Every structure is written in structure tokens, then in C-alpha cells.
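Participant: give me coordinates for this.
(chains A and B)
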2 protein chains.
Amino acid sequence: LYFIIVLNWHPLKCQLPQVKGANLSAVNLQDLVLDRTSSISLSQQLTLQLSQWMVSGRLAPGTRLPASRVLAQDLKLSRNTISTAIEQLRAQGYLTSQAGNGVFVSMDLPQKDKPLLHTAIQGLKKYPPLSNYGEQLQKNNFKERSGQLPFTPGVPDLNAFPYKIWQTLLRRHSDRAVLGGYQSNQGYQPLRENLAQYLNSSRGLRCTPEQIIITQGAQQGLALCTQLLLNPGDQVLHEEPGYMGARKAFTAIGANINPLIMSPNGLDVSQLPSETTAKLLYTTPTHQYPMGGILPASDRLQLLNWADKHRLWIIEDDYDSEFHFYTNPIAAMQGMSEQSPVIYLGSFSKTLQPGLRLGYLVVPKPLVSAFVQAKSFICGESPSLSQAVVSDFIEEGHFIRHLRRMRLNYQKKWEHMQSLCEQYLHNTMTPIAQSAGMHLVLESNDSKLDDVQLHQRFSQAGFGSSPLSYYYQGEVKRRGLVLGFSNTNEQERKKGIQALATLL
Amino acid sequence: LYFIIVLNWHPLKCQLPQVKGANLSAVNLQDLVLDRTSSISLSQQLTLQLSQWMVSGRLAPGTRLPASRVLAQDLKLSRNTISTAIEQLRAQGYLTSQAGNGVFVSMDLPQKDKPLLHTAIQGLKKYPPLSNYGEQLQKNNFKERSGQLPFTPGVPDLNAFPYKIWQTLLRRHSDRAVLGGYQSNQGYQPLRENLAQYLNSSRGLRCTPEQIIITQGAQQGLALCTQLLLNPGDQVLHEEPGYMGARKAFTAIGANINPLIMSPNGLDVSQLPSETTAKLLYTTPTHQYPMGGILPASDRLQLLNWADKHRLWIIEDDYDSEFHFYTNPIAAMQGMSEQSPVIYLGSFSKTLQPGLRLGYLVVPKPLVSAFVQAKSFICGESPSLSQAVVSDFIEEGHFIRHLRRMRLNYQKKWEHMQSLCEQYLHNTMTPIAQSAGMHLVLESNDSKLDDVQLHQRFSQAGFGSSPLSYYYQGEVKRRGLVLGFSNTNEQERKKGIQALATLL
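Facilitator: Predicted structure coming up:
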């Protein structure tokens, strides 16, 4: 039996002790790194490393390999391991045999002086060009936001989530073989049925399960709408201040955004343009994002009539209408007419968890097939297990109960926020009461406040926020901070508002 | 206490018994449907239905509502329920009050003769136009494939999945509040670390976790590549026969597909065009889909050099290279050079489950930011829980063990398939041995066989398949059926091949 050297897996640091032997002069194997603890077999490790050496020119084409007996001895590996690796490399074309002469590195491999593999050109220039869209993104200095600070908008109370029930439902479905296969691009049928019932009874929609398309969060819903409804260069009407995620999806396809004039209730229907070439209007009528206005029913009808007359689509984003503290949820626009040009957009990110990544579209029946096709091209199905769990969660009444509990939970937090604002911010910032649901808009009394800088300093103090000016594309008319309070505890809220008062 | 009428929820069938009363003559409430068993409150049900009646004109603008006391009596609802609903409808703008005169349906609501809400125009004509892409999809007669039959290609052995281990890992992570929030558009960091280690050691890649982007299956990876690398009208080189999912993603953005000339090893590098304006080449070098060839190392290097010279991107789709029965997995092209123009595409659909919807891209470092941005626009993050579970599954060695077990499992099934083909199909169809991994290509000895019809008849007999001609975009050169055998049991295989023999 051979003794096999065991090394930790530090590819760049650990080396085999130099192996000496007559036949090894041509091939220096001292840098071979083999990890006996790995689940990858030694022969496979050997194969991969030798192939990389041959590709990089470290083992030059035409080099003769030592006999496998010698290799085995010098590398302290079994003869079988060596033979397997050599056989494998021969099958892959790295090595060739000459009868009676031994095994050689193939001459078909690149010569050392060929440019591709040895030049170290920096950055992107080395690579082929990107698409116009790719080039455009390449110019942005994009960085992922890291970590979640208290008050970062958009996160529900994750500590109040009913994990026990969730785990029971997960256990119920997580060993169902059928869910592991392919189900439906459109979405898991029972979920679509339960969701249709919820939307019709609780949100006033008029839809059947056949009109529902399950998506990877609302963002994928927006991307699908963008692809199917907009050509590059098309005009889109968008609330201002308004939701950045939608704006990003529209501009990604090369659409141009025109801001809508707003009233305290949301978009100002009396100011809708009398002529327009826009193809789409994006709105959050039931809880304007981020300001919180509610568009009255008569305005909704006027908007529907206007859209119908000018032949444009409305995306009705109903992102968190479940959380209102002044009135009950108001019925969705989608349900106001049988054939309205409305695409209804929803998400479980606020009502359940963002980490689930489940959202939904309700589209007019004649469009379903195109939407499902487009979804099959851009991502295929949504994960079945989480769809099955959410489906039961709705069907068994947990969803409605959870929403009711969260409504009370957030209302208490909002009342606490309100008293904190009165106590600490009464001279500097005004809480926009109707915005309160999961977040609160604090508008600066000083209209020249640099809210981006405030946001940064608040972040250094350990608290999340969004500057109100981020929600504008054109001229910034109101400044302040948007604070997500739903995922905060009492102490965080108090310390946060105190810290904000200090910064002001 | 009032007695509340309980009805089952059959909106179109059940009606309240006609309610009589002096004040109700103006408003016929006999069709109101209230469901006491619903988790939706009665006042909210009343609100929604009355608002729909007002919108549809069933309750005309200006109609005076009976006093709430009368309504409560006649509808057998509590006075409180009625008042809440009326208050709600007033807040939403449906009702207006005139001091001392009562409550009226608002005159701002549409008149009955306005067109929007009462015309029943069929189909899409009623709706605003779609994008060019949307119009194109609209023309296809797309239907979702329904149900999974034995032999449907692309499904791993779902009954051999290690559900116990999976459930343990799910339980470990499913109550972690932090996973419910937002994590990272690029993907869960520990998963990217474990995946980088697996890909480097097992698949011969050269990548860091920073180069990995987690996607919703390989299809989303393809969609991202398409967006970032291709402009409409660009040329793409594609294997023929080749993977339909990739072709669909490319054509979706308006790219034109040019077929590559193939050899038994995969694409024929000696036939690569000496001049090309193509921007991208899609290939499955380690297990050509569906024919199963393996591109030798020297051909890979030639391809890399050629791509570098002509400045085009290569998408290396490594969809199921883990399952080979003739040689060990061959190292990926991506790892052959430090700066190759290769985007590596992978998926857990074959190695774990399609229902998970997790895939990954490995992209050159300078492109990471653009890819992550694009992902944030089209869908945002991937679900955190399943990423955490897969991460541990890899880290604890379950993944490598599962792959090893499945390789043996599928090899046994393939040997069974082979003997069945010899026994029942030796005169009619030839199994393409090197295609075998999770599927088997049965090529017809009759080159004029209508394989689409055969596929349909086989489907009627209860078995799935894909006609080989589906994998061609241009002239169909080989015909037959692609059978996925990995998710079949012994009896299904035997009955299936016998049924096929009967059909032939």
C-alpha cells in the first residue's frame, strides 16, 4: 500500500515536497496539490490539474510523460489512480500515445506563444462587446446595498411571522416528489385558485384563476409588462414621487418616463393630458407610494375612461393596500369594469416576506397566453414548494389572520412613531400621516434640506431610510426621509428618531 | 340580535330571498350575496358588492339609499354592519350625503350609457396595443404542456431525492427571520462560496464566488445573457440539433439564429466560419444536447481562440455534465483560460430538482455589476430559503454523494433501456449511446419517419417524449424520439418501449 500525502486545501499556499527522480526532469510536478479529504477522487484532481497545466502551457505540447509506474512512485499515489487520470486525459484529447514510445502532451494544444491564454489584459476591453443595454448598465457605478438596517423601507415585521405554521406547511409539502418536477409556467393551480378567491373577495377584483400569473416578486411582473406592452422609445406616465423599481424596469427597455401631476389623493385626474402618445400609465391608487394618498372611486372611473379613450394600459400596483389605518382596504380599480385596460400587480413581499420572492399579475384573458410564453422564455416556472405552502396558507385562513394581526401590529408601531415625531421632530420634520402603512414619510420643514446627505448620516448612525428625493425623476418638490418602521422594535424606533433629531 | 342569513358562496347561483319593504322599491337588493362563513367581514362584502353595482350602473347615480335602520332590518344585518359599509362607500367617493335628505349614489359615477363599462367587445381588439414582441407572442398558439408522463425529458429521479436530509436542512433555516428579508440580488453569499468551490474542484472552473450570479433556473441565466450581450437583429450561432430553451431566449429579443455544423463530438470546429458577424455562440460542449457528444480539449481550445479572434461570446451550457457513463466528467471550457470570453451556465434542475428553480451564471469579473443590475431590474433576488438549503447541502457533502448515487442509478436505468431497445426496437430505432445521461436519443432507421406524429401517438399511449425534429430550426437531418428515462421505474420503461415497438 502506498502512503498518500494529505494536505489541506489551500491551492496557492500548500505544495507537495519536491519529488526527485530521473524521469521527472522534463515535468516538474512539485506544485501539484492533492487533497485527500476532498470528496473529489484523487485521480480526478490529478486530471483537472494536469489539464490546466497543459492548457496554460506549463506542460508544453510534445512533452513526454514519465511512465505511470514512476509517476505513482514519485507522487506516492496508487498506480490505478495514475492510470485512470492518464486514460481520462487521453479521452479528452490532452494526451496522445505513440506505440512503444510513451504518452505525450498533445501537439494540438496551443503553443506557449499564442496570445489568448497568456496575456493579462485588464477590464472589459479584452472581452467582446455588450449589447447597447449592457453597455449602458456597465457605465453605472452599481453596488448592491449591503445589510439591513432598522428603518430600511419595504420589510415587514419578520419577527412576527408565523414560523411554526409555516414550518408545518413546509413539512407537509417538502417531500412531495411531484412538486420537484415541472408544474406550470403560469403558476401552481391551487395557489392561483386560492389567490383569485382572496383577490375577488378582499380586494374587489374580478378575475378567475386563469388570469393570474405567478411571478418572482412584483419586479418580475413589471419586467413582463415592460416586455409585452412597451417598445423602446415608448412614453410611460409615472407617478412623481413614485416607485423606483417600476421606473427602473421601464427605463431598462428604453422607455421614456413622463411624470404625472399629483394631488394629496394620488395622481390628479383633472391634470391628465388631453392628448398623449403614452402607451402605459403606472399607478398605486390604493396607497400611493410613497406618499400614501387614496384615489377616490370617481377619480378611478375617470382615469379608466381616460385610459380607454387614449388607448393606454394601466398598471395598478397594489403593493401594500392591506395596511391602511384610516379606512378599510378600498377595492381595486381592476374590478371596476369587466374589460378595463388594467394589469393588476401584487406581491407577497409585504404581506408575507420579501425572501419568498413571490408576486402575481392579473391580466385580461386575451393576454394570458402571451404573458405565460414570455415568462417561460425569461425564467420558466416559479418554485413549486413555496407556491404550495402559500396556497395552503391562504386556504386555511392563516393569510387573512396574519394580515389582521400585522395591521394591528403596524398600527401600534405607527402610533408610537407619531408620538416620537411629536416629541423629537416637531420643529423640523412633518410626518405624512396618510403614508403610514409599513413606512412613514417624514417631510422636511426646510424645503432645501439635503435629504441624501441626511440619509447618509443617518445610515452612519446605524439606521436605514430612503431620501424622499430618490422618488423623483424630475424636479424634486418635497424632501425628507422615508422610514420603514414595520420591522423595528420599540427601542430601535426611539433611538432612531432621537438620532434623527440630533442630526437635524 | 339579528338573525344573519348564511349562504354558500356560489356568486351566480345563490340569491337572498326577495326582500320587501317600502323604501326598497328604488333599490332592488334581492341579488346581494353575503357569505357568513367567509373570513371577510359582512360589512366589507356589502361594500364591495354595492360598489360594483354602482360602477356597473345597476345602482344609478343619484339613487337615494334607504335609511340604514331600514336596510339593516330588511337585509337582516346589524345596524353597525350597514353603517360601516355606508361610511366606507362614502370615504371612497361612491356615496354622497345631503344634510337632512339622506345618502345618494354619487353623480360623479358614470352614466349608464357611457361606453367603457357596458360594451362586451370580444378578444384583444378592445385593449390597447401590445409591444412588437407582445404582438408576436400573441400570434403563437401557445399552450402549456400539462402533466408529466413517464419519459418526458429533463426530469431527474424525483423518488430518489434525499427528502429526509432536505427536510432537516429546511427546518434548520425556515424560521430564520433574516432570510425573510432582502439579502442580495447576486445570490446568497454562502451558496456562492460553496458553489465556487464545487465548480472549481469538480468542474474545472476558475472562478471566485464574486463571479457567480444565482438565477431562477438556467432559463433566467439565458435571458440575462440575451439582454446584456445581444441587440435585436444580432446573429447567434447555435448547435443543431440543439437546446430549444436557448433558441427561444435568443429569438425572444429578436436575434437571428444560425445553425452550427455538428460532428459526433459536438460542434465541428473545423467548420467554424472563417468570417462571422455573430455576437454569440451557444454550446453544450461536455454533453451535447440532445445528441451527447463530448468536445475534445484541443477542439475547445480551438473554439476559444476562434471566439477570441472574432470577438464573440460563448455561452457554455453545462446542463448535465455530471451524468456521463463513458468517461468521468470532463473539465469545463470556462477554466481553460483566465480571461476567456465564456459565460458559464449551470442549473440545479438536473442535479437536484427542476421545482427548486435555481440556476447560476459564472461571468467574467468586469461583467458582474451589469449582470446583477439587470437581474435586479427583471426580478430582484432569488428566494433565500432554498439558497440556504442548497448551500448547506453542498457544504456538508450531500451534493457530491447525491450525484454519485444518481450516476449509478441512471447508469443502471440506461443499461436496462439498452437491453429493452435491443429486444424490441433493433430493426426500427437506434439508441445513440453517447446521448445517455438522463435521456436517450432513439434515432429512427427510417429517415422519413414522422417523429412528431409518433410522439403524439406515444403520448396518447401514456408516455412522454420529444420528437428529435423539434431540436432543429432548419432542415431536419435526423429523426426519432428523445426519451427521458431518469424519472422512470422498471415497469414504465418496459411498458414504454413495448408500446413504442407496437407503434412502429
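
Participant: residue contacts, residue A:334?
Facilitator: A:205-207, A:316, A:340, A:342, A:344, A:362 (CB atoms under 8 Å, 6 or more residues apart in numbering or on different chains). Where you see a C-beta, it was placed from the backbone N, CA and C, and this is true even at glycine.

Participant: again, only this time at 6 Å
Facilitator: Residues in contact with residue A:334 (CB atoms under 6 Å, 6 or more residues apart in numbering or on different chains) are A:205, A:316, A:342, A:344.

Participant: and the last one, how many neighbours?
Facilitator: Counted by other CB atoms under 10 Å in any protein chain shown, the residues lying close to residue A:344 total 26.

Participant: what sits against it?
Facilitator: Applying CB under 6 Å, 6+ apart to residue A:344 gives the contacts A:316, A:334, A:362.

Participant: hang on, the first one packs against residue A:333?
Facilitator: Right, the one you point to is residue A:316. Yes - at 5.0 Å, residue A:316 and residue A:333 qualify as touching, with contact defined as CB atoms under 6 Å.

Participant: could you tell me which residues touch both of those two?
Facilitator: residue A:342.

Participant: coming back round to it: from the contacts of residue A:344, which is closest to chain B?
Facilitator: When the contacts of residue A:344 are compared for distance to chain B (CB to the nearest CB), residue A:334 wins out at 11.6 Å.

Participant: dihedrals phi and psi, that closest one?
Facilitator: Dihedral pair for residue A:334: phi -50, psi -30, per degrees, to the nearest 10.

Participant: check what pLDDT it gets.
Facilitator: In this model, residue A:334 is scored at 91, pLDDT.

Participant: can you check residue A:23 too?
Facilitator: For residue A:23, pLDDT reads 35.

Participant: likewise residue A:57?
Facilitator: The score at residue A:57 is 70. That number is its pLDDT.

Participant: what about stretch A:305-323, start to end distance?
Facilitator: 28 Å (CA to CA, to the nearest Å).

Participant: give me the buried positions along that stretch.
Facilitator: A:305-308, A:310, A:312-323 (16 or more other CB atoms under 10 Å in any protein chain shown).

Participant: among the residues you listed, which ones are in strands?
Facilitator: A:313-317 (DSSP state E).

Participant: helix, strand, or coil at the spatially most distant residue from the centre of chain A?
Facilitator: For chain A, the largest distance from the centre (CA atoms, centre = their mean) belongs to residue A:100, which lies 59.2 Å off. Secondary structure for residue A:100, judged by DSSP: H, G, I helix; E, B strand; the rest coil, is coil.

Participant: next one: it from residue A:94, what distance?
Facilitator: 21 Å (CB to CB, to the nearest Å).

Participant: which bits of the stretch 201-350 of chain A sit near chain B?
Facilitator: A:201-202, A:204, A:216-217, A:219-220, A:223, A:227-231, A:248-249, A:252, A:296-298, A:301, A:305, A:308, A:311-313, A:327-328, A:330-331, A:336-337, A:339, A:341 (CB under 6 Å from any CB of the partner chain).

Participant: and those residues, which of them are buried?
Facilitator: With neighbours counted using 16+ other CB under 10 Å, these contain these buried positions: A:201-202, A:204, A:216-217, A:219-220, A:223, A:227-231, A:248-249, A:252, A:296-298, A:301, A:305, A:308, A:312-313, A:328, A:330-331, A:336-337, A:339, A:341.

Participant: so which of these sit within helices?
Facilitator: Residues from those lying in helices, with DSSP state H as the criterion: A:201-202, A:217, A:219-220, A:223, A:227-229, A:248-249, A:252, A:297-298, A:301, A:305, A:308.
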